[in-house]
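Asker: Here is a sequence with its predicted model. Questions after.
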Amino acid sequence: MMVVIMALGATLSAQGDPLKERFIQRKPRIDAMKNQGLIGENNRGLLDVRSPNVNDKDRAIMQAENADRRNVYQKIAANVGSNVDIVGKRRAAQIAQNAAPGHWLQDAEGNWYRKGN
């Protein structure tokens, strides 16, 4: 797991400012959507819609975030000799551990739950 964390940091640094900047720019809206229960983090390290109230603009933000995450996961997998699915699952575990109370998460079996305190 530590290898994934280190590889994530190295990959973002190696990517330069555009990728990192996109993550930073989207973070406030993604956090707001999570806080409202509109989206959640699935067990593959990606965002999923959790409510029918997600508008097209927010859906586009979520899809752009997922596309950039997949790109990072592919680069990490190549760097550490793994595959994208394993990297995504490990990242999902990290995200779940650091998630705020009330955020929707998906466990390894695919069941959705809200993180408690």
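Answerer: Okay, I see it. Numbers count the residues shown, from 1 in each chain.
Asker: separation between Ser82 and Lys115?
Answerer: Distance of Ser82 to Lys115, given as C-beta to C-beta, to the nearest Å: 27 Å. (Each C-beta comes from the backbone N, C-alpha and C, glycine too.)
Asker: wait, I meant Asp31
Answerer: Counting by C-beta to C-beta, the gap from Asp31 to Lys115 is 14 Å.
Asker: Tell me which of those two has more neighbours.
Answerer: Shown here are Asp31 and Lys115; by other C-beta atoms under 10 Å, Lys115 has more neighbours (16 against 12).
Asker: Which parts of the protein are helices?
Answerer: Per DSSP state H, the chain carries helices over the ranges 2-15, 17-35, 56-80, 84-98.
Asker: Leu46 reaches Arg69, doesn't it?
Answerer: Yes: using C-beta atoms under 8 Å, Leu46 is in contact with Arg69, at 6.0 Å.
Asker: where do the contact lists of those two overlap?
Answerer: Residues touching both Leu46 and Arg69 by C-beta atoms under 8 Å, 6 or more residues apart in numbering: Gly88.
Asker: Okay, buried residues for stretch 34-49 please.
Answerer: 34, 38-47 (16 or more other C-beta atoms under 10 Å).
Asker: Now do the end-to-end distance for that stretch.
Answerer: Its start and end residues considered, stretch 34-49 measures 10 Å (C-alpha to C-alpha, to the nearest Å).
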